[in-house]
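S.K.: Got a predicted structure here, sequence first:
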Amino acid sequence: MIEIQHLSKRYGPKLAVDDITFTVRSGIVTGFLGPNGAGKSTTMRMIMGLDRPTAGTTAVNGKPYAAHRDPLRQVGALLEAKAVHTGRSAYNHLRALAATHGIPKSRVGEVIEMTGLEQVARKRVGGFSLGMGQRLGMAAALLGDPQTLILDEPVNGLDPEGVLWVRRLSRRLAGEGRTVFLSSHLMSEMAQTADHVIVLGRGRVLANAPIEEILAGATAQRVKVRTPTPEQLADALTGPDVTIQKTEDGALDIGGVPAATIGEAAAAAGVVLHELTPQTASLEEAYLELTQDDVEYRSELTR
C-alpha cells in the first residue's frame, strides 16, 4: 500500500504538487494519469525519497521509503530507465544491485529471462535501444520480488509484445495481492490494465475512482439506434434535453435519454428497432474532459 498525505512540492515560484492526498491499495492496478507537468513524476520521486516534499508525507508498506532496511524487497521502481552505468552489461548491473541486498545470483537470471533480455544480457547497456532499456528497468524493479511496484511510463518504447507483457504482468502481480502503481500516456492501454485511476492536473487530484466510475462520469452517454422509421421514433421521443442526429452509416445518434426509455417509447409507438446500443465514453474521452482546464502545454489542435 502507498499512502500520500497532504503532499506538496514547490520548485521556486512553481507549485508542482499541491496538497494531494490519496491511497494506492494492494490487490489492484492503479493508473496514474495527467497532462505533462501535472506532477505525476514528481509525486513518484517523492514516494521513492528522491525529492524532498515541501509539505506532507509519503509511506510505502507502512513506512517512508528511506526507513525500510530492505527497500528492493519492499518496493520495485522504474522511474528513469536510463539511470544505469552505460559501460556495464545488463547482467552486471543487476548483479551489482542484487549484491547490495543479498539477493541470490539465481534471481538475476530469473528476471533477465522474465523480461526477455537473455540475448543482450552480456552486452553493454550504452548500446541498448529505448525498449531494451525499459526492459532492463523492469528487471531491476522486479529483482527483489517486491510487494509494491511503482512504474513511470513502463511501456515507453516497447513493441506491442512488450506492451502486452507489461499489462499481463501488472495484472498478475496485483492478483497476487501486491500494490501496482503505474503511469502512462497510452489511454487505450491504461483502460485495459488499470482497475482504479487517479488523475492529476496542475498538481491537484482531479479524480480518484474505479475506472468504471470515471467512464460513467464522462459526458452524458449517447445511444446508437437503427430503425426503418426514424421520423416516427423522433416524434415518440420528447424532452428538452433530447438530441437526435443521423450518422453517416444511416443510424441515429440519440442523446439526453437512456436506452431503456428509447426502447419503451419505441414499443409504445409501434416503432420497429433494429439496433439499440448505448455508447459509453472511452477512457481517453473521459480523461480529456477531466483535464481540459488543467493542461499546461496545449497544442493548437486540442484548443
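M.R.: Sure thing, it's come through.
S.K.: low-scoring stretches of the stretch 201-303 of the chain, by residue?
M.R.: Across the stretch 201-303 of the chain, the ranges flagged by pLDDT under 70 are 217-221, 281, 293-303.
S.K.: what helix or strand does the residue nearest to Lys224 when sequence neighbours are not counted sit in?
M.R.: The shortest distance from Lys224 to any non-neighbouring residue, by C-beta to C-beta, 6 or more residues apart in numbering, is to Thr277 (4.4 Å). Just so you know, the C-beta spots here come from the backbone N, C-alpha and C atoms, and that holds for glycine as well. For Thr277, the host element (DSSP states H and E) is strand 275-279.
S.K.: going on from that strand, what's the next piece of helix or strand?
M.R.: Once the chain leaves strand 275-279, the next helix or strand it forms, by DSSP H and E, is helix 283-291.
S.K.: What strands line up against the strand holding Thr277, and which way round?
M.R.: Paired neighbours of strand 275-279 in the sheet (DSSP bridges): strand 222-226 (antiparallel).
S.K.: still on that earlier bit, how about residues contacting the strand holding Thr277?
M.R.: By C-beta atoms under 8 Å, 6 or more residues apart in numbering, the residues outside strand 275-279 that reach it are 221-226, 251, 253, 258-259, 262-263, 266.
S.K.: Equivalent analysis for stretch 93-103, please.
M.R.: By C-beta under 8 Å, 6+ apart, stretch 93-103 touches 70-73, 84-85, 88, 104-105, 107-108, 111-112, 125, 136, 139-140, 143-144.
S.K.: 7 Å instead, please
M.R.: Contact with stretch 93-103 is made by 70, 72-73, 84-85, 105, 107-108, 111-112, 125, 139-140, 143-144, as judged by C-beta atoms under 7 Å, 6 or more residues apart in numbering.
S.K.: again with stretch 55-72
M.R.: Residues outside stretch 55-72 that contact it (C-beta under 7 Å, 6+ apart): 1-8, 46-49, 74-75, 97, 101, 143-144, 146-148.
S.K.: make it 6 Å
M.R.: With contacts defined as C-beta atoms under 6 Å, 6 or more residues apart in numbering, stretch 55-72 is touched by 2-8, 46-49, 74-75, 101, 144, 147-148.
S.K.: Could I get the buried residue list for stretch 121-129?
M.R.: The neighbour-count check on stretch 121-129 (16 or more other C-beta atoms under 10 Å) flags 121, 125, 128 as buried.
S.K.: Can you give me the end-to-end span of that stretch?
M.R.: End-to-end distance of stretch 121-129 (C-alpha to C-alpha, to the nearest Å): 13 Å.
S.K.: same question for that stretch, mean pLDDT?
M.R.: Throughout stretch 121-129, pLDDT has a mean value of 91.
S.K.: now do stretch 183-200
M.R.: Average pLDDT, stretch 183-200: 89.
S.K.: What about Pro154, how many residues nearby?
M.R.: When neighbours are defined as other C-beta atoms under 10 Å, Pro154 has 27 of them.
S.K.: and what of the one 4 residues further on?
M.R.: The local packing count at Leu158 equals 18, with neighbours defined by other C-beta under 10 Å.
S.K.: Walk me through the domains of the protein.
M.R.: When the chain is parsed with automatic domain parsing, its domains come out as 2-216, 222-279.
S.K.: Quick check: which of these has the most neighbours on average?
M.R.: Mean neighbours per residue, mean count of other C-beta atoms under 10 Å, is largest over these for domain 2-216, with a mean of 18.
S.K.: Would you map the strands across the stretch 101-250 of the chain?
M.R.: With strands called from DSSP state E, counting those that start in this stretch, the stretch 101-250 of the chain shows them at 148-152, 179-183, 196-201, 204-210, 222-226, 243-246.
S.K.: now these as a markdown table including distance to Leu158?
M.R.: A markdown table is the format used below for the strands of the stretch 101-250 of the chain (distance: least, C-beta to C-beta, whole Å):
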| stretch | distance to Leu158 |
| --- | --- |
| strand 148-152 | 12 |
| strand 179-183 | 13 |
| strand 196-201 | 21 |
| strand 204-210 | 26 |
| strand 222-226 | 34 |
| strand 243-246 | 39 |
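S.K.: Thank you, goodbye.
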